[in-house]
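Asker: sequence first, then the predicted structure, then my questions.
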Amino acid sequence: MGTQSHAPVEQADANAGWSSRLAFILAAAGSAVGLGNVWKFPYITGENGGGAFVLVYLVCIAVIGLPILAAEIMLGRRGKANPVQVFVKLGEEEQISTNWQGIGWMGLLCSFFILSFYSVVAGWALVYLWHSISGQFSLQPSDATGLAERIGGLFDSLLANPGLLLAGHTLVMMATIFIVARGIRGGVEKAVRIMVPGLLLIIFGLVVYAAASTGEFGNAVSFMFNPDFSKLTWNAVLIALGHAFFTLSVGMCAMMAYGSFLDRSVNIGKAAFAIAGLDTLIALMAGLAIFPIVFAHQLTPGEGPGLVFVTLPIAFTEVPGGTFVSIFFFLFLAMAALTSSISMLEPLVEYMEYRCNWSRPRTAIVTGTIIWVLGIGCALAFNLWSGFTPFGKNLFDLFDWLTQSILLPMGGMLISIYAGWILSRKAIAREMEGGTAITFSVWIFLMRFIAPLAIALVLVNSLFPGLFS
Ligand code: TRP
């Protein structure tokens, strides 16, 4: 390919776009539903006392996450380009500074970092799927005395095993690259059409199982929905807000990238509602599947990150049909992670395709491989490289902190400022038509005032931990 072939890539054409509104909603919901819903949401709910935390989380989703989600999709569709080019094009068309492309750059950077550690955790799910299939979560003779030790030991030995961690990480990245390389219609869309309905089906089955077999369903429901505000701290509010971002995949231009392939005829407000609704539904169902099983074994819900990798497997071992249930659970976790990881690679590929004029498969392989290398660092942070701690954190924790506590909130804040204050209402109204005048005004109000302020609080709290506790 000669150097003269720098004609701008027509992105909508290169990918032919989503074949339908449903395809887009499934893909975006697939992006939103991930480790955040199944691994993180239940454990932070457990750590922060249940009902009151859930309530605050729901408010954060509705008041801050949802409006920014709509804004991201809107910007993507308006610009019909990769996350950097969106701001360049809009800047030129609307005569505003093109420096706002910094938001796009930050989003791309964030995708790099998040995907590199996300893929490692998704790899854990694969390893656990294997453990389930091979019967680790059925009772063994030695368990009479040391069940908790055996299951806890599985997790510790996974983290201490570089080969196993790398195998999981590599498989996840290979699957991600494979899907993204095939494009929006041929890859992402085909994958989510199978996996997202699959996710709904499995989680529904797990909730029914938990309700029918444990006798603790009522307790789980009251734990999650009976708010006890005495358990709520300021810090918990900020965790809920930060998680509202993470779980909707907003703040790093991933939804913008998906939105850039969206047809003009789709009502963005309604689509965003559907996406946030599906995401919330699956998070709540994950809680309703996990807590009854945990309660039934007198285990505690506040175990932290080990909840689904240690506490839950201990419980699985003791419930009837546990092996079977655990297979479905970890299959669910792995699929949820994969439909998210593809949407982290997508914006990078969209950008590199434009920038380098490479074919999509080549772009996907090159960018995916770079992330894979970065992810090796995250996997080894648990063992061989645990001594390497720049800024006092190992690489895994550093990437996690940098993205979730800093880059995502910053991205979200800048997107809300851009959509609320910088772009003219006229420029936005064309994309947001179809809604009522009132919803439009409410949306603008949230983008202008509530979102930036609330996010500023989260940021301050991450930079100066302890200030609000
Ligand atoms: N929403 C995903 C989850 O809940 C995580 C996530 C955050 C994400 N940002 C993203 C996924 C961007 C895809 C793209 O697990």
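Answerer: That came through, no problem. Residues are numbered from 1 along each chain as shown.

Asker: for the rest of this, base every contact and every neighbour count on C-alpha atoms.
Answerer: Noted.

Asker: close to the ligand, is the helix or strand containing Gly198?
Answerer: Per DSSP states H and E, Gly198 falls inside helix 190-214. No: taking Cα under 6 Å from any ligand atom as the criterion, helix 190-214 and the ligand are apart, separated by no less than 13.1 Å.

Asker: what's next to that helix, contact-wise?
Answerer: With contact meaning Cα atoms under 8 Å, 6 or more residues apart in numbering, helix 190-214 is reached by 23, 26-27, 29-30, 179, 216-217, 282, 285-286, 288-290, 292-293, 296, 325, 328-329, 332, 335-336, 339.

Asker: can you tell me which of these are up against the ligand?
Answerer: Of the contacts of helix 190-214, not one also sits near the ligand (Cα under 6 Å from any ligand atom).

Asker: list the buried ones in the helix holding Gly198?
Answerer: Of the residues in helix 190-214, those with enough neighbours to count as buried (16 or more other Cα atoms under 10 Å) are 190-193, 195-196, 198-200, 202-207, 209-211, 214.

Asker: I'd like the next helix or strand past the helix or strand hosting Ala28.
Answerer: Assigned by DSSP H and E, Ala28 belongs to helix 21-32. Using DSSP H and E, the next helix or strand after helix 21-32 towards the C-terminus is helix 35.

Asker: immediately after that following helix, which helix or strand?
Answerer: helix 41-47.

Asker: Ser19: helix or strand, and which one exactly?
Answerer: Using DSSP H and E, Ser19 falls outside every helix and strand.

Asker: so who does Asn267 touch?
Answerer: Asn267 touches 432-435, counting by Cα under 8 Å, 6+ apart.

Asker: so what's it scoring on pLDDT?
Answerer: On pLDDT, Asn267 comes in at 94.

Asker: next, the buried residues of the longest helix along the chain.
Answerer: Longest helix of the chain, by residue count under DSSP state H: helix 322-356. Using 16+ other Cα under 10 Å as the test for burial, helix 322-356 gives 322-323, 325-354.

Asker: what's the pLDDT at the residue nearest to Gly49 when sequence neighbours are not counted?
Answerer: Of all residues not flanking Gly49 in the chain, Lys231 sits nearest, at 5.8 Å (Cα to Cα, 6 or more residues apart in numbering). As predicted, Lys231 sits at a pLDDT of 85.

Asker: okay, and for the stretch 1-150 of the chain, where does confidence drop off?
Answerer: Along the stretch 1-150 of the chain, the parts satisfying pLDDT under 70 run over 1-16.

Asker: residues from it in reach of the ligand?
Answerer: Near the ligand, when you scan the stretch 1-150 of the chain using Cα under 6 Å from any ligand atom, you find 31-37.

Asker: make JSON lines from the residues you listed and add neighbour count and distance to Phe449 to it.
Answerer: Conversion of these to JSON lines gives the following (neighbours: other Cα atoms under 10 Å; distance: Cα to Cα, whole Å):
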{"residue": "Ser31", "neighbour count": "29", "distance to Phe449": "27"}
{"residue": "Ala32", "neighbour count": "30", "distance to Phe449": "25"}
{"residue": "Val33", "neighbour count": "32", "distance to Phe449": "27"}
{"residue": "Gly34", "neighbour count": "30", "distance to Phe449": "29"}
{"residue": "Leu35", "neighbour count": "25", "distance to Phe449": "30"}
{"residue": "Gly36", "neighbour count": "23", "distance to Phe449": "27"}
{"residue": "Asn37", "neighbour count": "27", "distance to Phe449": "28"}
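
Asker: good, wrapping up.
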